[in-house]
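Colleague: here's a sequence, model it:
(one chain, ligands or ions: 2)
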Amino acid sequence: MNDHPQQPVSYGLGRQMQVYMQGLQGQRPTLPVSPEQLEQQAKAQMSQEARGYLAGMDDTMRSNRTAFEHWSIVPRMLRDVSHRQLTTALPGMQLPVPLLLAPIGVQSIIHPDGELAVARAAAALGVPMILSTAASCNIETVGKALGETPRWFQLYWSKDLDLNASFVQRAEKAGYSAIVVTLDTLMLSWREQDIQNAYLPFLLGEGLANYFTDPIFRQSLPQAPEDNPMAAIRHFIDIFLNPALTWDQLGFLRQHTNLPIFLKGVMHPDDAQRTIDIGMDGIVVSNHGGRQVGGARGALDALPGISAAVQRQIPVLFDSGIRRGSDIIKALALGASAVLLGRPYIWGLALDGQQGVQTVLENLLADLDLTLALSGYSSLDQLDASALVHE
Ligand SMILES: Cc1cc2nc3c(=O)[nH]c(=O)nc-3n(C[C@H](O)[C@H](O)[C@H](O)COP(=O)(O)O)c2cc1C
Ligand SMILES: CCCCCCC(=O)C(=O)O
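Modeller: Residues are numbered from 1 along each chain as shown. Ligands and ions are numbered 1, 2, ... in the order given. A predicted model of the protein is given here:
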């Protein structure tokens, strides 16, 4: 089954046959295979607060999905797709698959093992993970759980420059190989469900592991967070909100790390050009999964214009609305080098911890591998806009 050394048996045909063979022994998949059913089942077992926090603006999330529906793959036939290549090259690194786990904060509200369960699943499959600044488990502990698996660190740029530098240095020391600075969350949006539930996990001290373990953060407090958590939370809120941030301040990061720096949340070609002008290494086209700007453009609709502006000078990554293998193919054909998976792995986490995340990833990679082959492509670099029509 696995005659190609670069392809683990769990992709494509291997995964498909494994599931059918288990069916012959009376076993059914433990998690829903369809993303829609997975979402429904996961939400049904979450607390109202966790479900509300995971939500986004309905209209922007709908735009994200509609954008995918307007592009169709045009399959090509008889092109020998017996050996597929899912690796993708980014500056200074080779990714085993064109997929990374998007930074998602405060996973302890979804499952008690949170980011650790996700890291173990990522490590089992070699899928790179991006750890959020607002994680419920710290940079070093998650780094250890990942072993040799590639990991990136997502930075929320706070008002405290020394703290930003400290986070990046900790990430570098713990083996993280890129920094992702998120631009679209300098403040939290008007989140209707959270407001209705009067719930924000950070105010309960959740999702602050990186802050509470940081020497720079700790030295700004009157007392240690363990002794006076409310003072620590108040200081966090004070420095987190940073609406005054501008492009010219990002250069500071360059002086503090040699790691590649990606800017996440770019939705306009001029902002993509600005990213190149200030010497950054990559872009993540994203509207934060429809969580920040209501009435915003679907992220995939922004991708062709940004790819055209960037002209492959730096890699363009993509997220917001990836649910199936065909979605990944569409994003890659429109110029992305890789995609970030958001909520689907969190639904797997909610339903079955580490195993749930692993199953979601195995299914998605199998779907990607088969859809790529059946569309007539054997490697990702063959994909371009000619693989699609817009209708
Ligand atoms: C509950 C939740 C928390 C998130 N936390 C972060 C975060 O801490 N940092 C960040 O850059 N993006 C965060 N994101 C955005 C994701 O990285 C990603 O952009 C988004 O989930 C992609 O959309 P999708 O979920 O529709 O695939 C979060 C998203 C969700 C759903
Ligand atoms: C006040 C802390 C906000 C952290 C934001 C985490 C995030 O990106 C999201 O909820 O979305």
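
Colleague: CA only for contacts and neighbour counts going forward, please
Modeller: Fine.

Colleague: now do the strands in the protein.
Modeller: For the chain, the strands defined by DSSP state E occupy 71-73, 88-90, 93-95, 99-101, 129-131, 151-155, 179-182, 261-266, 282-285, 316-318, 338-341, 388-390.

Colleague: pick the most buried one from the ones you listed.
Modeller: When you average the neighbours per residue for each of the strands of the chain (mean count of other CA atoms under 10 Å), strand 316-318 leads with a mean of 29.

Colleague: that one and ligand 1 in contact?
Modeller: No - contact of strand 316-318 with ligand 1 (CA under 6 Å from any ligand atom) is absent, the minimum separation being 8.6 Å.

Colleague: so who does the closest residue to Leu125 other than its chain neighbours touch?
Modeller: With sequence-adjacent residues excluded and distances taken as CA to CA, 6 or more residues apart in numbering, Leu125 is closest to Gln358, at 7.4 Å. Residues near Gln358 by CA atoms under 8 Å, 6 or more residues apart in numbering: 121-122, 124-125, 348.

Colleague: can you pull the pLDDT of Arg151?
Modeller: What the model reports for Arg151 is a pLDDT of 98.

Colleague: residue contacts, the residue most central in space within the chain?
Modeller: Central residue of the chain (CA atoms, centre = their mean): Ala102, 1.1 Å from the mean position. In this structure, Ala102 makes contact with 129-131, 319, 340-342, judged by CA under 8 Å, 6+ apart.

Colleague: what parts of the chain come near ligand 1?
Modeller: So far as CA under 6 Å from any ligand atom goes, the chain lies against ligand 1 at 53-54, 102-105, 132, 134, 182, 286, 288-289, 319-322, 341-343.

Colleague: can you list the low-confidence ranges for the stretch 51-200 of the chain?
Modeller: Residues of the stretch 51-200 of the chain meeting the criterion pLDDT under 70: none.

Colleague: grab the nearest non-local neighbour of Gly295.
Modeller: Thr60 (5.4 Å).

Colleague: for that neighbour, which residues are in contact?
Modeller: Here Thr60 is in contact with 290-291, 293-298 (CA under 8 Å, 6+ apart).

Colleague: mind checking how far His83 is from Leu372?
Modeller: Distance from His83 to Leu372, counting by CA to CA, to the nearest Å: 11 Å.

Colleague: re earlier: what's the closest of the contacts of Ala102 to ligand 1?
Modeller: Distance to ligand 1 across these (CA to the nearest ligand atom) is lowest for Gly342, with 3.6 Å.

Colleague: just the buried positions in stretch 187-199, please.
Modeller: Buried positions in stretch 187-199, judged by neighbour count with 16 or more other CA atoms under 10 Å: 191, 193-194, 199.

Colleague: export these to CSV and append columns for distance to Ser166.
Modeller: Below are the buried residues of stretch 187-199 laid out as CSV (distance: CA to CA, whole Å):
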residue, distance to Ser166
Arg191, 30
Gln193, 34
Asp194, 31
Tyr199, 29
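
Colleague: filter those residues down to the ones in helices?
Modeller: 193-194 (DSSP state H).

Colleague: identify the residue spatially nearest to Asp369, adjacent ones excluded.
Modeller: Asp369 sits nearest to Gly12 (CA to CA, 6+ apart), 5.1 Å away.

Colleague: contacting residues around the one you found?
Modeller: Applying CA under 8 Å, 6+ apart, the residues near Gly12 are 365-370.

Colleague: for the stretch 101-250 of the chain, which segments count as helices?
Modeller: 114-125, 139-146, 161-173, 192-197, 209-212, 215-219, 229-240 (DSSP state H, counting those that start in this stretch).

Colleague: most tightly surrounded among those helices?
Modeller: helix 114-125 (a mean of 23).

Colleague: so how far is that helix from its chain's centroid?
Modeller: Taking the mean of its C-alpha atoms, helix 114-125 sits 13 Å from the chain's own mean (CA atoms, centre = their mean, to the nearest Å).

Colleague: just use 14 as the starting number from now, easier for me
Modeller: Sure, I'll start counting at 14 from here, so that last one is helix 127-138.

Colleague: for it, packing partners?
Modeller: helix 152-159, helix 356-387 (3 or more CA pairs under 8 Å, 6 or more residues apart in numbering; DSSP states H and E).

Colleague: coming back round to it: closest to Gly220 out of the contacts of Thr73?
Modeller: Using CA to CA, Arg304 comes nearest to Gly220 of the contacts of Thr73, at 17.4 Å.

Colleague: ignoring the adjacent residues along the chain, who's closest to that closest one?
Modeller: Closest to Arg304 by CA to CA, 6+ apart is Gly69, at 4.2 Å.

Colleague: what's around the one you found, how many residues?
Modeller: 22 (other CA atoms under 10 Å).
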